[in-house]
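Colleague: following is a predicted model, sequence given first.
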Amino acid sequence: MPRTIISSGTPWEAAGAYARAVRVGDVVYVSGTTASDATGTPQHPGDPAGQAEYILRKIDSALQQAGSSLREVVRVRTYVTDITQWRAVSAVHARHFQGILPTSTLVEVSRLVDPQHLVEIEVEAVIGSAP
């Protein structure tokens with residue numbers, strides 16, 4: 001089965017030897033994604049909702065490059081460094097996934113790759129599964 005590799009070009013991908021997303025058949029797996037631009041600079045410092053929005057747009061871009069979109073996401077995993085911010089992050093999730101209703105997990109972690117990163121999100125999508 002063919003395997004398609006998608007890169008967003010961040011230095012994290014090169015340093016960690018991983019892809020932003022991998023498509024195998026009709027399934028697209030998107031790596032844990034933080035609010036970093038192409039140079040690795042954190043975006044929206046101190047703003048978990050802003051980071052979640054940035055991340056979901058970045059994920060949607062990777063999905064589109066793989067022939068999918070957020071509408072075909074079936075699984076979301078969200079990591080936050082401060083669980084008291086869950087409502088703000090969940091509100092962003094709800095705006096993007098209203099009517100799609102993927103399975104979802106949100107957990108607190110002690111830290112992410114950069115201290116300015118407050119949120120990390122990973123998803124899986126199945127092409128052709130949009131509601």
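Modeller: Done, it's in.

Colleague: what about the helices in this structure?
Modeller: For the chain, the helices defined by DSSP state H cover 11-16, 48-65, 86-97.

Colleague: buried residues in the shortest one?
Modeller: Of the residues in helix 11-16, those buried under the neighbour-count criterion (16 or more other Cβ atoms under 10 Å) are 12, 13. Where C-beta positions appear, they are placed from N, C-alpha and C, glycine not excepted.

Colleague: one more: the last one?
Modeller: Going by neighbour count (16+ other Cβ under 10 Å), the buried part of helix 86-97 is 86, 88, 89, 90, 92, 93, 96, 97.

Colleague: and which of the residues you listed is nearest residue 25?
Modeller: Nearest to residue 25 among the buried residues of helix 86-97 is residue 97, at 23.0 Å by Cβ to Cβ.

Colleague: that closest one: what's it in contact with?
Modeller: Under the criterion of Cβ atoms under 8 Å, 6 or more residues apart in numbering, the neighbours of residue 97 are 70, 73, 76, 104.

Colleague: one more time with 7 Å
Modeller: Residue 97 makes contacts with residue 73, as judged by Cβ atoms under 7 Å, 6 or more residues apart in numbering.

Colleague: how near is it to residue 55?
Modeller: According to Cβ to Cβ, to the nearest Å, residue 97 and residue 55 sit 13 Å apart.

Colleague: quick revisit: export the helices of the chain to a markdown table and tack on mean pLDDT and distance to residue 111?
Modeller: Converted to a markdown table, the helices of the chain look like this (pLDDT from 0 to 100; distance: least, Cβ to Cβ, whole Å):
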| stretch | mean pLDDT | distance to residue 111 |
| --- | --- | --- |
| helix 11-16 | 88 | 15 |
| helix 48-65 | 98 | 14 |
| helix 86-97 | 98 | 16 |
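
Colleague: possible to save the ones you listed as JSON lines with distance to residue 128?
Modeller: Formatted as JSON lines, the helices of the chain follow (distance: least, Cβ to Cβ, whole Å):
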{"stretch": "helix 11-16", "distance to residue 128": "27"}
{"stretch": "helix 48-65", "distance to residue 128": "13"}
{"stretch": "helix 86-97", "distance to residue 128": "18"}
